[in-house]
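# With the sequence up front, the predicted model follows.
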Amino acid sequence: MLHRRDAMIRLGQVGVGALSLPRLLEAEQTAPVSIAGSGTAKSCILLYLWGGPPQQDMWDMKPEAPAGIRSLFEPIDTAVPGIQVSDQLPLMARHTDKMAIVRSYSHPSNQHEVGVYHTLTGKIDNTLAVPRNQRNRRDFPNVGSVVSYFSPPGVLPASVTIPRPIGHDGVTYTGTYAGFLGPRYDPMELLTPGEVSGPPPHSLELPAGIDAHRMQSRYGLLKTLEHYDHLSQSRAAAVQGHNRFSEQAFRMMMAPEAKGAFNLDGEPDAMRDRYGRNEYGESFLLARRLIGAGVRLVTVVWYYIAKDGNVLNVWDNHGGTASLNKVTGYEMLKADYCLPSLDRAYSALLDDLSQRGLLDETLVVALGEFGRTPKINKNAGRDHWGACQSIVLAGGGIRGGQVYGESDKIAAYPTKNRVSPEDTIATIYQAMGLAPDSVIRDPGGRPNHICDGTPIAALF
């Protein structure tokens with residue numbers, strides 16, 4: 001005799017996605033939304049440059065600084081008079097009229113783990129294990145999960161992380177998922193982090209031997225069993241809710257528009273060339289496709305898997321990395337896995353969104369977990385520096401063509417309009433029409449504001 005529980009298990013065995021997507025799609029359970037936004041963003045693309053991009057070599061050039069601190073790159077003029085950026089970003093320089101460059105982003109930690117958690121959640125946790133800090137359900141939820149919590153239902157999840165979350169050496173970093181909100185609000189992740197074993201957590205593909213007709217038949221059997229089960233017993237609200245999300249998960253696996261959003265094959269060759277034929281360009285292009293299909297927040301995590309299999313957060317440009325043949329930090333920045341690919345993909349993204357009329361409703365934010373030291377080290381690179389970083393925002397109601405905040409003569413500390421990770425996250429929420437003082441509750445029922453920062457009103 002086939003019991004209802006057996007049917008549920010066997011349906012789940014159709015694919016990893018069939019078992020995990022219902023939990024994921026419970027993210028679309030809508031909580032009351034507080035609208036107090038100054039922006040026009042319906043969605044957000046968060047470009048996370050894992051490792052810590054150097055402000056002195058990109059957005060906050062200090063050509064008058066002494067040798068040993070002054071960048072080996074040169075500043076160039078941009079589309080906006082008075083704003084200069086690195087000569088390694090010539091394509092992005094054409095788009096400063098759309099961008100707000102914040103040169104006073106700051107927080108107190110020089111550790112990757114603490115910085116990632118702080119910049120993605122707006123919370124500080126100095127107890128994190130270094131270098132292994134596996135994410136857990138005590139964590140505060142990251143920005144994508146909070147957006148998911150307050151978003152209405154859709155065919156696709158509200159939050160997606162591509163190409164994979166931050167992780168290495170068997171761990172996935174704290175700050176990359178829903179934490180105490182539970183798995184129902186986790187971002188959709190199609191790939192596991194490099195050096196982390198296990199299957200992708202949310203597959204959209206049916207496994208070999210299971211076609212769409214067979215999937216529909218199994219789903220129909222399950223619904224018939226659930227119908228008779230409903231006649232024989234009362235249902236708790238939570239179980240009813242799970243059934244709704246099971247139905248939505250099934251629709252997502254079967255809907256051509258859902259699976260099609262992840263397929264770049266339909267893009268013209270010229271468009272794919274424009275973004276760049278590498279993981280970074282394709283991730284930026286995929287992000288544009290996903291927000292066009294209704295995803296509210298896409299996080300693009302930037303790192304490089306070396307030929308020897310090691311995961312490298314290549315914006316961490318100390319130099320001397322064995323897996324990169326011990327090249328200097330500046331050689332790392334000039335390699336295809338850093339500045340050239342960012343310049344191409346970012347400029348293509350802003351062009352593409354603008355031409356499609358999507359830029360005003362899509363907030364694009366680029367940042368890392370910290371900046372870099374003023375002093376250039378012995379490997380012609382720079383080291384960790386949380387005290388000062390530059391970040392860039394565009395679209396979603398942000399007023400382009402501006403620089404906000406200032407740093408000192410060597411880009412070591414903010415001297416005007418200091419911005420914290422909390423303020424930046426509050427600005428993202430504000431742009432998306434979500435009040436930073438909106439409340440979520442932890443498992444103990446205690447209320448928590450989704451963010452303790454203050455939106456940067458001058459950016460809008």
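Arrived safely.
# Which parts of this structure are helices?
Shown for the chain, the helices assigned by DSSP state H span residues 4-12, 16-25, 112-121, 143-149, 212-232, 237-254, 256-261, 269-275, 279-292, 329-334, 339-355, 421-431.
# What distance do you get for the spatially most central residue of the chain to I45?
Most central in the chain under C-alpha atoms, centre = their mean is T299, positioned 1.8 Å from the mean C-alpha point. Summarising the geometry, the distance separating T299 from I45, computed by C-beta to C-beta, to the nearest Å, is 8 Å. Where C-beta positions appear, they are placed from N, C-alpha and C, glycine not excepted.
# Mind listing the shared neighbours of those two?
Here T299 and I45 have no joint contacts, going by C-beta atoms under 8 Å, 6 or more residues apart in numbering.
# before we move on, back to that, which of the helices of the chain has the lowest average pLDDT?
Taking each of these in turn, the lowest mean pLDDT turns up on helix 4-12, with a mean of 34.
# What residue spans form the domains of the protein?
With automatic domain parsing serving as the domain definition, the record reports that the chain contains domains spanning 1-30+205-261, 41-203+265-459.
# I'd like the distance from the longest one to the chain centre, please.
The chain centroid and the centroid of domain 41-203+265-459 are separated by 7 Å, computed with C-alpha atoms, centre = their mean, to the nearest Å.
# Can you check the distance spanned by that domain, start to finish?
Domain 41-203+265-459 stretches 13 Å from its first residue to its last (C-alpha to C-alpha, to the nearest Å).
# Then stretch 73-87?
Using C-alpha to C-alpha, first and last residues of stretch 73-87 are 6 Å apart.
# Buried residues, that stretch. List them.
With burial defined by 16 or more other C-beta atoms under 10 Å, the residues of stretch 73-87 counted as buried are F73, P75, T78, V80, I83, Q84, V85, S86.
# Just to check, the second one is in contact with I83?
No - proximity of P75 to I83 does not meet the contact threshold set by C-beta atoms under 8 Å, at 9.8 Å.
# I figured N142 was touching A178, is that so?
Yes - using C-beta under 8 Å as the test, N142 is close enough to A178 to be in contact (7.3 Å).
# Those two: who's more crowded?
For N142 and A178, the more surrounded residue by other C-beta atoms under 10 Å is N142, and the numbers stand at 34 against 26.
# Deepest in the core, which of the domains of the chain is it.
Comparing those by mean neighbour count (mean count of other C-beta atoms under 10 Å), domain 41-203+265-459 comes out on top with a mean of 20.
# Name whatever forms a beta bridge with E189.
For E189, the beta-bridge partners are T161 (DSSP bridges).
# Now do it against V130, distance only.
23 Å.
# ok, for G266, nearest residue in space, not its chain neighbours?
Take G266 and drop its neighbours on the chain: the residue closest to it by C-beta to C-beta, 6 or more residues apart in numbering is G260, 7.1 Å away.
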